[in-house]
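*Asks:* Structure for this input, please:
(chains A and B)
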Amino acid sequence: MSEITELGVKAIRDGVAGGEFTAREVAEAFNANVAAAAEALNAFIVATPDKAMEAAEKVDADRAAGKPLGKMAGVPIGMKDLFATQGVQTTAASHILEGFVPEYESTVSQKLWDAGAGMLGKLNLDQFAMGSSNETSYFGNVASPWRRSGGDNAVLAPGGSSGGSSAAVAARLCPAATGTDTGGSIRQPAAFTGITGIKPTYGRCSRWGVVAFASSLDQAGPMARSVEDCAIMLEAMAGFDPKDSTSLDLPVPEWSASLDADLKGKKVGIPREYRMEGTDEEILQSWDQGIAWLKDAGADVVDITLPHTKYALPAYYIIAPAEASSNLARYDGVRYGLRELPEGANLQEMYAATRAAGFGDEVKRRILIGTYVLSAGFYDAYYTQAQKVRALIARDFEKAWAECDVILAPTTPTAAFALGDKVDDPLAMYLNDVFSVPASLAGLPAMSVPAGLNSDGLPLGLQVIGKAFDEQGVLNAGLAIEQRAGFTAKPEKWW
Amino acid sequence: MSSYRIQGATGEWEVVIGLEVHAQVTSNAKLFSGASTAFGAEPNSQVSLVDAAMPGMLPVPNRECIRQAVRTGMAIEAQINKWSRFDRKNYFYADLPQGYQISQLYHPLVGEGRLLIEADEKAGIPEDKVIGIERIHVEQDAGKLMHDQHPSMSYVDLNRSGVALMEIVSRPDMRSPAEAGAYVRKLRAILRYVGSCDGNMEEGSMRADVNVSVRRPGEELGTRTETKNVNSVRFVMQAIEHEARRQVELIEDGGTVVQETRLFDPGTGTTRSMRSKEDAHDYRYFPDPDLLPLELDDAFLDECRESLPELPDAKRTRYIEELGLSAYNAQVLTAEVETARWFEALLLETATAQGKTPADVAKQASNWLISEFFGALNKIGKELADSPVGHARAAELLALVGKGTISGSIAKQVLETMLETGDSATAIVEREGLKQESDSGAIEAAVDKVLADNADKVEQYKGGKEALFGFFVGQTMKAMQGKANPQVVNEVLRAKLA
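*Replies:* Below is the predicted model of the structure:
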């Protein structure tokens, strides 16, 4: 049944509900794809075929018994290994949490299981979600299923940090996957692999049970192959959670039922500051194409200004590491996870040995940066200043909403790069987030939608940024692009 | 004004003291998790996923803890900040699972307040004094290391981890160990009145960090040291005394006081250095991104205010002004909330039993409580809280005295029997035939006999030695086994000796 694995969330759910195939058949088909790609793509840290089968059988039984089926019934998904899953190893792709099996289930994953989804496995990612290429995982990098056209066999980055998610969805190992986005970790990998992903408004999805990177920025969201699939899955993931103080106490709209690609009367803002030096010419062309599509969908296009954009990236790389340096202090070898206890070591020595062995270089780099910017004497110059910038960025967007309903921009400054290209140049790596970070700092919903292929045959993504709580506006504009881009390209199977 | 001074080799020194009191908030659940807070439970039996800082766990503020801190702030007449925020204080230690303590550095819940300590000549506090309170903030407690469980390893008990504390920071307004002691006692009393902390220093529900510096009277403030975690009023006073003397000797010997953290050793009553300022942690405080700012609305504040009981200062004033008690009695009865509650219950029942107003019987009840009852309890080694005689029974006894059924001295005897047997005063008086004789005929007969037997003393009395009157009263009472109504005895004697 290779056909089933070409289907998305809605088609599978409706097919199972309509009796075209069973949830069991769906799970078997995706389990097979996961197993076949295990070595070549390394998208999963742990595969859980039994979990997928178990959930599928329950859906089939419920259907046979005439019970109501959930929004995600019969849809097997990949779970980013940043979400705590009860009884299944949860590592954040780190050595320090290797072998850690939680006794609890994250709110978001629980909601998905409650909606009838099943788990194919735990997806690889950049260690503690810190990275843009998936090269910082302790469990080896993920390979993008995409390759450049013209016989170049360089292994490409699937993006990061949700690189296991993007690779798995693009390679048809799962119809959809969870991602988390702190500064672009859903949108950038989606753009690199020709799939769709949305980071909702900060607070839409509970952070409870999600291994924290930067608490004020972390936000979960779906990654799938269509706007509608993202809308359906986000409905299952979102919702107020009293266990997360920053969770939004708002009802979850029926986004999928309200999708509407007719943008008549809508204004689309084009931020002039996003025309940055160093941006790939083909990216700029796809942006222009996107503008034309949205005009075609009936929207008015207006130039807007987001004057503090250039300060967003430096501010982000102060705030996120600052929070991370504190959030990761709990990994100390005392209660769970790795403990390195050299002969005769005291407490301080145990900390040092455990954290030296348990964290990768990028994680250590960010802990160092974060510790530094919070230190006495530097706090005001860095952290306080960065928070002021963050407020100004948010104000930029507030002003822009006076003139437009959504903003269109590229998702990334380039298409996917080869593994190893930027691994020794952290700054070049950080620059990948330049278009995605402002919406993260402002807590706004933003999504990446595939726009087409570049001359190397690699996908490019367009980013739609919306007002707080207006996921609907973002999804509608995304749908208008999706319909006009007609993106059907998929990586040629080499694994 | 007799100020506390340290007599150094080179002259007098003044001591400057500020206290940071950590008070555990009375609440069934911890500050940011639902785990229980009961004392004395098995190690690690009251630990939630949040308290153990498992990956992905998040804090959610406990409304009751915030409410108690706000009520405490109101009780010290402090400014309540409707907008406050939690900050992370970052440091590594095995008893701190998150690697940071959630506290409030930049925007505390409670701002400037004040606390009155009363004059106490005996203790060396010549007059009432107001001690400024800078702030109260709420924060998490840490866990506890156990060093006696394994020959080479330390264990960690996280039962206390995450328990809510109020840190109550005074101004450096105290000038003697006695003032500091009075401050801690008064603060403890207020916390217990409010019900926001049980004030139990032995169980660690309340402990103080003691900041001490010395200076020549009138000069600039000296360098201070901070002595951590002192857990009784006596130890607070000892720590100050020792630390102030140590600083004076150090300076007079040509040394300088270094700003440092010190530890108090209850065994020797001395302090010793723990770490100097140079070794001090850089706590890297920053706003906790897991928590939204705490915003309090008027309805919440009103509810907090309305739920406050009458506080010791107000109660003391009322006892003096409305009940006519002496300043001393009012002070004694309001010092602890349990005492005041007991007294008020006794007062009400005594008034009812005698058909009088509380003000009418307040003197009788307060005098009896302080001079008779406390002493009797003390003799059998009991506290008011576990007294075998309740206020209803006590009121019954007072009523017997008030109505003249028994005399005051018989009442003492009856009380002792009550404490021993648990029987009611009425039953004891009946059983032992202790009813007071008010029949003037019987008393007259006894008086006649006393006067006849002591004719010489009657002569002396009539000759001007009026002090002998007490002798005749005593003899008459003795003849009647103490059961004669002393008032009637007085009247009869006066008539016969006239």
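
*Asks:* In the stretch 101-250 of chain B, what residue spans correspond to strands?
*Replies:* B:113-117, B:129-140, B:144-146, B:155-157, B:164-170, B:206-215, B:225-230 (DSSP state E, counting those that start in this stretch).

*Asks:* meant to ask about the stretch 251-400 of chain B, not that
*Replies:* B:260-265, B:270-276, B:286-287, B:294-295.

*Asks:* Which of the strands of the stretch 101-250 of chain B sits closest to A:A477?
*Replies:* strand B:129-140 (44.5 Å; Cβ to Cβ). Glycine gets a C-beta too; all of them are placed from N, C-alpha and C.

*Asks:* elements contacting that closest one?
*Replies:* helix B:63-75, strand B:100-103, strand B:113-117, strand B:164-170, helix B:177-194 (3 or more Cβ pairs under 8 Å, 6 or more residues apart in numbering or on different chains; DSSP states H and E).

*Asks:* Report the inter-axis angle for it versus helix B:63-75.
*Replies:* Here the directions of strand B:129-140 and helix B:63-75 differ by 170 degrees (axes from the mean of the first three to the mean of the last three Cα atoms, to 10 degrees).

*Asks:* For strand B:129-140, list every residue counted as buried.
*Replies:* Residues of strand B:129-140 classed as buried: B:K129, B:I131, B:I133, B:E134, B:R135, B:I136, B:H137, B:V138, B:E139, B:Q140 (neighbour count, 16 or more other Cβ atoms under 10 Å in any protein chain shown).

*Asks:* swap in stretch B:172-182?
*Replies:* Those buried within stretch B:172-182 under the rule 16+ other Cβ under 10 Å are B:P172, B:D173, B:M174, B:R175, B:S176, B:P177, B:A178, B:E179, B:A180, B:G181, B:A182.

*Asks:* dump the residue contacts of the residue of the stretch 101-250 of chain B found nearest chain A.
*Replies:* Relative to chain A, the nearest point of the stretch 101-250 of chain B is B:V156 (6.8 Å; Cβ to the nearest Cβ). B:V156 makes contact with A:V334, A:R335, B:N44, B:A94, B:D95, B:G143, B:K144, B:L145, B:M146 under the criterion Cβ atoms under 8 Å, 6 or more residues apart in numbering or on different chains.

*Asks:* Between these, which sits nearest A:C230?
*Replies:* So of the contacts of B:V156, ranked by how close each gets to A:C230 (Cβ to Cβ), first place is A:R335, at 36.9 Å.

*Asks:* so the closest one touches B:P97, yeah?
*Replies:* Yes - counting by Cβ atoms under 8 Å, A:R335 touches B:P97, with 6.3 Å between them.

*Asks:* So the two - more neighbours on which side?
*Replies:* B:P97 (27 against 16; other Cβ atoms under 10 Å in any protein chain shown).

*Asks:* Let's verify the residue nearest to that one when sequence neighbours are not counted: helix, strand, or coil?
*Replies:* Leaving aside its sequence neighbours, B:P97 sits nearest to B:A53 (Cβ to Cβ, 6 or more residues apart in numbering or on different chains; 3.6 Å). Per DSSP: H, G, I helix; E, B strand; the rest coil, the secondary structure class of B:A53 is coil.

*Asks:* And the pLDDT at B:A53?
*Replies:* At B:A53, the predicted lDDT confidence score is 97.

*Asks:* what's the spacing between it and B:K144?
*Replies:* Look at B:A53 and B:K144: by Cβ to Cβ, to the nearest Å, they are 16 Å apart.
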